[in-house]
Structures are given as structure tokens and as C-alpha cells.
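1. give me a 3D structure for the following:
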Amino acid sequence: MKSRLPLHGSNLLRTPITSLLVLLLAGAASLCAQERGIPAEKRAAIEKAVSSFMSANSVPGIAAAVVLDGEPLWSAGFGMADLEDYTPAASSTLFRLGSISKPITAVAILQLNERGKLDLDAPVQKYCPAFPKKDWPITTRELLGHLGGIRHYNPDGKGDVPDDSARHFSSTEESLQIFANDPLAARPGTKFNYSTYGYTLLGCVLEGAASEKYVDYVKENIFRPAGMEQTQADNFFAVIPHRTRFYHKDKAGVVQNAGVLDSSYKIPGGGLISSADDMAHFEAAILADKLLQHATRDLMWTSQKTADGKLTSYGLGWGVVEKFGVHILAHTGGQQGTSTAFAVVPDRRAGVVVLANMDGVHSGQLADEILKIVLDLKDKTP
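-> Got it, this is the predicted structure:
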């Protein structure tokens, strides 16, 4: 039976032991940040923003990180990674990334393009022959920008992996069977149609181009050079140290354990776990051009267009946003037991990461607040 814990609204942070842990963790993070140059008033403002967000949304645990001057400069955990065992969240706690797995996959694909192993504009069957041909060709570039016509989850759930499923998929090819024979949602290139399944297909493309498994390629070519020591696939059955528990709030506002999720069918688009520290290192590596050449990075961060010339506000694996008077590259994610957000401001060599262990909350709002604090940004008035 799933545990049900009556944590309503601000009561979450009024629990004495939770409040104490939050204060201790925030204090430790503040000491580290003070030594590296974040002013005390900004640290206090960030901690207040996190506390308010957790209280308003009954979030058990959050980890956050800030990149400034191209380097990870501050990170902290707040609240609980495990409510049953009173395990505090830390900046090293592993959270489900959800869809912020997609930018990682995009970087890996573009690496292969730089190395001459993958043509972004070739039909996907060149690298993934297991995917059947459709009425029109689909390219890797189109998949990266959600222009490939691959469907997303069905609103009624039919034809998809059921909610609360522990079914494990042993290979990318097996995962393709969920959607491979379905008609396209639109002619490729004509319509922006967000699709996690499109990124499952990209995983097959990557494996064909790299001649190795997706998880092996990203470990050696993304995680290791970026210093992402803990990032890995969210293996439901494995015992993984420092992985948070996952939570959900029901309609009555009661916090309970989230539903079961084996994300093996969508690792490239929503099946990785990582920490705030690791994701800050990913942002720093991107800003320093450690993973991609600068020109490729700029291509990745340029909004795609539909065939009729309309901008999609989405590049190759990253959202492209103009907000607070700056150019921001960002993504959010959400699935059972997690809500995530991260953003990069290349002109300021800055970034932010927010990982929460509860589904259905707007972590992007907290990421915006932290970004505004650290960069002194203001909401633009009409």
C-alpha cells in the first residue's frame, strides 16, 4: 500500500525536523557560496524563494544549482529526499530528469554529426532500419526539433505504456514497437508536435550511428567529459545510491508516493536521473564548448522553423526563449514523482537547475525566480 502523508501547504516546512534540516542545508550551501562570491543577500533571496515554493506546493524535496561566470558556483538541497526515513535532500541527490533528458540527447547526436558519423538530414532509416518507412522521409534534424511528425502520448492512454507500469524494455528496438506502426501526426517539417517518442527514435538513430548502446555512448562522451559522475539511466529495478523517493499530491492535497514508472522505453527523451551538481556541470561544459564546437552549439540553440517559415521557439533539443530582457535556452520536465527545470543564459555565461521530487509542480517558475535573483533581471513591463 502506498503511504499517505498529510502534508498540506505550508505545514510541510513547519515540521520541526524538516525545518531544521532545511536550515542546516541552506547554511552549509551559503558558506560554500560565500567563499566563492555570491553575495549574502542573494543567497538569502534564493533560499527564501525555494522555501516559499516548497511551502506553496507541498514539495518534499528540492535540489538547486547556479552557474555563474561559466562555473558551478552554488548548489544546495532543501527538505527531504525520503519522507519515511527522514533523509534530507542534497545537491548530490539523484532526481528523475524527465524531459530535460532531451537536451543531453541532442548534444550527443550533434557530437556524432561533428565527427562525421551522422547526417542530420538523411532519412532516419539510414541509422535505424528497425523503424518502418512512412509516407514521407523523416530526418534526425526534424526529430530533434519536434518536427518529425511522430506522435506524443495519446490523451486516452491507448497504445501507450499504462500508468503505474513496471514493464521493462530491454532495447531501443523494443521501445519502437509502441509507436512505430502508427500514422504520422503531421507531414515532417510542417508542424511542431512535441514528442518524447521522437526522442526514443533518436536513441535508435544514435545507436546506429555510434555502433554502441545509447547509455554507453552518453556515459563516455557526455557524462565523463562534463564531470557528471552520478548521471545514469533511471533503472527502476536497480539499487541506486542517493536516488530520491518520488511523490505526488492528490486532489485533497495529501502527499503520497508517486505511481510506478519504468522509463526504459524512453531513456533518451525522459529516462535519465541526475543531480543538481551534475546538471550544473553539464551547463558549464556546454558554455565552455567542451562537448560541442561553438558553431554547433549556436545551431542547437537556434529556433527551428516550420515549412511555411514560422518559428517554433524550439531549437535542437532546447527551448529558445526571450525573457527578462535576455536570451535563454531552457527545458522543463515532468513525470511520476518529478518536476524539473534548467536554463542557460549564454550571454551572461550563467545557468540554473531546479529538481523537485514531486510531479505536477511548476519548477520552471522557481528556476526563473532564481535566475532573476542571481542576474538582477526584472520582469519586462508591457
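2. hmm, L144 is touching I109, no?
-> Yes: the criterion here is Cβ atoms under 8 Å, and L144 meets it with I109 at 6.4 Å. For the C-beta atoms, the positions are set from N, CA and C on the backbone; glycine is no exception.
3. what do the two both touch?
-> Common neighbours of L144 and I109, using Cβ atoms under 8 Å, 6 or more residues apart in numbering, are 120, 202, 316-317.
4. buried residues in stretch 67-79?
-> 67-68, 70-79 (16 or more other Cβ atoms under 10 Å).
5. ditto for stretch 56-67
-> Buried, per 16+ other Cβ under 10 Å, within stretch 56-67: 57-67.
6. report the mean confidence score over that stretch.
-> The average pLDDT within stretch 56-67 is 98.
7. stretch 290-304 too?
-> 98.
8. and G269, how far is that from L311?
-> 22 Å (Cβ to Cβ, to the nearest Å).
9. neighbour count winner among these two?
-> Taking neighbours as other Cβ atoms under 10 Å, G269 and L311 compare with G269 leading, 26 against 12.
10. right, and the more buried one touches S101 too?
-> Yes: if you go by Cβ under 8 Å, G269 and S101 touch, sitting 6.0 Å apart.
11. quick check: the two most widely separated of the buried residues of stretch 56-67?
-> S58 and V67 (28.3 Å; Cβ to Cβ).
12. quick one, phi/psi of P188?
-> Backbone torsions of P188, given as degrees, to the nearest 10, read phi -50, psi 130.
13. likewise the one 3 residues further on?
-> In this entry, K191 is assigned phi and psi values of phi -150, psi 130 (degrees, to the nearest 10).
14. with the one 5 residues further on instead?
-> Phi and psi for T196, reported as degrees, to the nearest 10, are phi -70, psi -30.
15. show me what contacts it?
-> Here T196 is in contact with 99, 102, 152-153, 266, 269-270 (criterion: Cβ under 8 Å, 6+ apart).
16. again, only using 7 Å
-> Counting by Cβ atoms under 7 Å, 6 or more residues apart in numbering, T196 makes contact with 99, 152, 266, 269-270.
17. tell me the first helix or strand C-terminal of the longest strand seen in the chain.
-> Counting by DSSP state E, the longest strand found in the chain is strand 71-82. Per DSSP states H and E, the first helix or strand lying C-terminal to strand 71-82 is strand 87-88.
18. elements contacting that following strand?
-> Where contact means 3 or more Cβ pairs under 7 Å, 6 or more residues apart in numbering; DSSP states H and E, strand 87-88 is packed against strand 71-82.
19. how near is the closest residue to L184 other than its chain neighbours to T306?
-> Of all residues not flanking L184 in the chain, G149 sits nearest, at 3.6 Å (Cβ to Cβ, 6 or more residues apart in numbering). From G149 across to T306, the span is 12 Å (Cβ to Cβ).
20. likewise for F53?
-> 35 Å.
21. the two - which one has more neighbours?
-> Taking neighbours as other Cβ under 10 Å, F53 and T306 compare with F53 leading, 22 against 15.
22. what about the residue nearest to that one when sequence neighbours are not counted, which helix or strand?
-> Excluding its sequence neighbours, the residue lying closest to F53 (Cβ to Cβ, 6+ apart) is L366, at 4.6 Å. L366 belongs to helix 363-375 when assigned by DSSP H and E.
23. list the helices and strands that helix packs on?
-> Short answer (3+ Cβ pairs under 7 Å, 6+ apart): helix 363-375 packs on helix 40-57, strand 61-68, strand 338-345, strand 350-356.
24. off-centre distance for the second one?
-> Yep, that's strand 61-68 we're talking about. Chain-centre distance of strand 61-68: 13 Å, with Cα atoms, centre = their mean, to the nearest Å.
25. what are the contacting residues of it?
-> Taking Cβ under 7 Å, 6+ apart as the rule, strand 61-68 contacts 50, 54, 72-81, 89-91, 93, 95, 244, 275-277, 279-280, 283-284, 350-357, 370, 374.
26. same thing with stretch 175-184?
-> With Cβ under 7 Å, 6+ apart, stretch 175-184 has contacts from 130-132, 134, 149-151, 159-161, 169, 197, 200-201, 204, 265-266.
27. out of those, which are inside helices?
-> 197, 200-201, 204 (DSSP state H).
28. mind listing what V124 touches?
-> V124 neighbours (Cβ under 7 Å, 6+ apart): 131, 138-140, 143, 201, 205.
29. how far away is it from S175?
-> 14 Å.
30. can you check A284 too?
-> 31 Å.
31. which SSE is the residue lying closest to L355 once chain neighbours are set aside in?
-> Spatially, and ignoring its direct neighbours in sequence, L355 is nearest to F95 (3.9 Å; Cβ to Cβ, 6+ apart). Following DSSP H and E, one finds F95 within strand 95-96.
32. for that strand, name the packing helices and strands.
-> strand 272-274, strand 338-345.
33. assumed R224 was part of a strand.
-> No: per DSSP: H, G, I helix; E, B strand; the rest coil, R224 lies outside any strand segment and is helix.
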